[in-house]
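S.K.: Pasting the sequence and the predicted model now:
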Amino acid sequence: MNRPRLIASAAFALVLSGCAATGPASGAAPAAPTTGPSVMPSAASVASSASSLTIYGAASLKEVLARLAVDYPAGHPGIALTVSTDSSAALEAQIEQGAPADVFLSADTRNPQRLVARGLAAEAVPFARNVLTIIVPRAGAGGANPSGIHDPIDLGRRGVKIIAAGDAVPITTYARQLVANLAREPGYPAGFAAAYEMNVVSREDNVGAIVTKVALGEGDAGIVYATDARSSTQVATIDLPAGANVVATYAGALVASSRRPDAGRAFLHWLAGPEGVSILAEFGFLPPS
């Protein structure tokens, strides 16, 4: 083996040995979330730990963050992104407990503001918006849309199985706002909102899990972000009445304990700026204002 290849192999071995250090010592900060994908930087970038940013992002940002983990380093040499995704509430709780994030990207403004109020993050910066939609199975064991849901009013029909998320997950707050708006639409029964809640058969950890269960036919319908519906070929959407939809505002914050505050702040402002907004738009996200 020639000398350059020997040096490269040794460097890569050092990276692997660092990754192999598992099992935090007693009293150490909790580990980063393991439920979401992790986009690992290249071996060359990892060689300098100061160049790596850890991004905690809402599950509905999973696909766009995978793209950004490639595009952002390409335009910012020496910076690598490591991404973990889960529900915004779960990530906020992890950060409160000391998980080593640099930037937190939430599907709402409430979770970042909670961290700011507790001195755990800098001011929340809006970077995108989203709207909601109703999804039904496109195909499955019972065929496409087996429950015959063709109108939002059908979500209150007896026997419909709705897949939703936990109370702390932002999509749940938005979905309940949407249902309340629908209940005020002409022709909707007075008990529509209560009937919708009674039809909820499971509450998932994040919006991605709602899409998965509906796509598999484990539920008849679910309320999700329009971007999540767009990313799945196994679900169809139901049109909402004009004026009833809900706009979700996404906000990011620099985590106060970040070891790379300058790089984290630069990424956050880039994401909220023209280049970041342009990439987000490719995935169906709306500009922050």
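M.R.: Yes, it's here.
S.K.: Just the pLDDT for residue 126.
M.R.: pLDDT, the model's per-residue confidence, is 97 for residue 126.
S.K.: what's the distance between it and residue 251?
M.R.: Going from residue 126 to residue 251 by Cβ to Cβ, to the nearest Å gives 5 Å. Quick note: C-beta positions are derived from backbone N, CA and C, even for glycine.
S.K.: Report the buried residues of stretch 184-204.
M.R.: 188, 192, 193, 195, 196, 199, 200, 204 (16 or more other Cβ atoms under 10 Å).
S.K.: for stretch 214-225, same thing?
M.R.: 214, 215, 217, 219, 220, 221, 222, 223, 224, 225.
S.K.: where does the third one land on pLDDT?
M.R.: In other words, residue 217. Taking residue 217 on its own, its pLDDT is 92.
S.K.: And it, how far from residue 57?
M.R.: Counting by Cβ to Cβ, the gap from residue 217 to residue 57 is 28 Å.
S.K.: And for the first one?
M.R.: Noted for residue 214: a distance of 22 Å to residue 57, by Cβ to Cβ.
S.K.: before we move on, what about the fourth one?
M.R.: Using Cβ to Cβ, one obtains 25 Å as the distance from residue 219 to residue 57.
S.K.: Is residue 71 within a helix or a strand, and which one?
M.R.: helix 62-75 (DSSP states H and E).
S.K.: Tell me the first helix or strand C-terminal of that helix.
M.R.: Per DSSP H and E, the first helix or strand lying C-terminal to helix 62-75 is strand 80-86.
S.K.: Okay, angle between the following helix or strand past that following strand and strand 80-86 too, please.
M.R.: The C-terminal neighbour of strand 80-86 among helices and strands, as given by DSSP H and E, is helix 88-96. On the basis of axes from the mean of the first three to the mean of the last three Cα atoms, to 10 degrees, helix 88-96 is oriented at 120 degrees to strand 80-86.
S.K.: Now do the same for the helix or strand following helix 88-96: mean pLDDT, whole number.
M.R.: Using DSSP H and E, the next helix or strand after helix 88-96 towards the C-terminus is strand 103-106. Strand 103-106 shows a mean pLDDT of 98.
S.K.: what about dumping the CA coordinates of the lengthiest strand in the chain to PDB?
M.R.: Scanning the chain for the strand with the most residues, using DSSP state E, yields strand 125-137. In PDB, the C-alpha atoms belonging to strand 125-137 read as follows (Å, rounded to 0.1, in the frame of the first residue of the first chain):
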ATOM      1  CA  VAL A 125     -36.800  32.400  13.400                       C
ATOM      2  CA  PRO A 126     -39.700  31.500  11.000                       C
ATOM      3  CA  PHE A 127     -38.400  29.800   7.900                       C
ATOM      4  CA  ALA A 128     -41.400  28.200   6.200                       C
ATOM      5  CA  ARG A 129     -45.200  27.600   6.200                       C
ATOM      6  CA  ASN A 130     -47.300  24.600   5.400                       C
ATOM      7  CA  VAL A 131     -51.000  23.800   5.000                       C
ATOM      8  CA  LEU A 132     -53.000  20.700   5.800                       C
ATOM      9  CA  THR A 133     -54.800  18.100   3.900                       C
ATOM     10  CA  ILE A 134     -56.800  14.900   4.400                       C
ATOM     11  CA  ILE A 135     -55.300  11.700   3.200                       C
ATOM     12  CA  VAL A 136     -56.900   8.300   2.400                       C
ATOM     13  CA  PRO A 137     -55.300   5.100   1.200                       C
END
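S.K.: Just the buried positions in that strand, please.
M.R.: By neighbour count with 16+ other Cβ under 10 Å, strand 125-137 contains the buried residues 125, 127, 128, 130, 131, 132, 133, 134, 135, 136, 137.
S.K.: Tabulate the residues you listed (CSV), appending distance to residue 178.
M.R.: Below are the buried residues of strand 125-137 laid out as CSV (distance: Cβ to Cβ, whole Å):
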residue, distance to residue 178
125, 25
127, 22
128, 19
130, 12
131, 9
132, 5
133, 9
134, 9
135, 13
136, 16
137, 20
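S.K.: Now go through the buried residues of stretch 184-204 and say which are in helices.
M.R.: 192, 193, 195, 196 (DSSP state H).
S.K.: residues in contact with the second one?
M.R.: Right, the one you point to is residue 193. 176, 179, 180, 183 (Cβ atoms under 8 Å, 6 or more residues apart in numbering).
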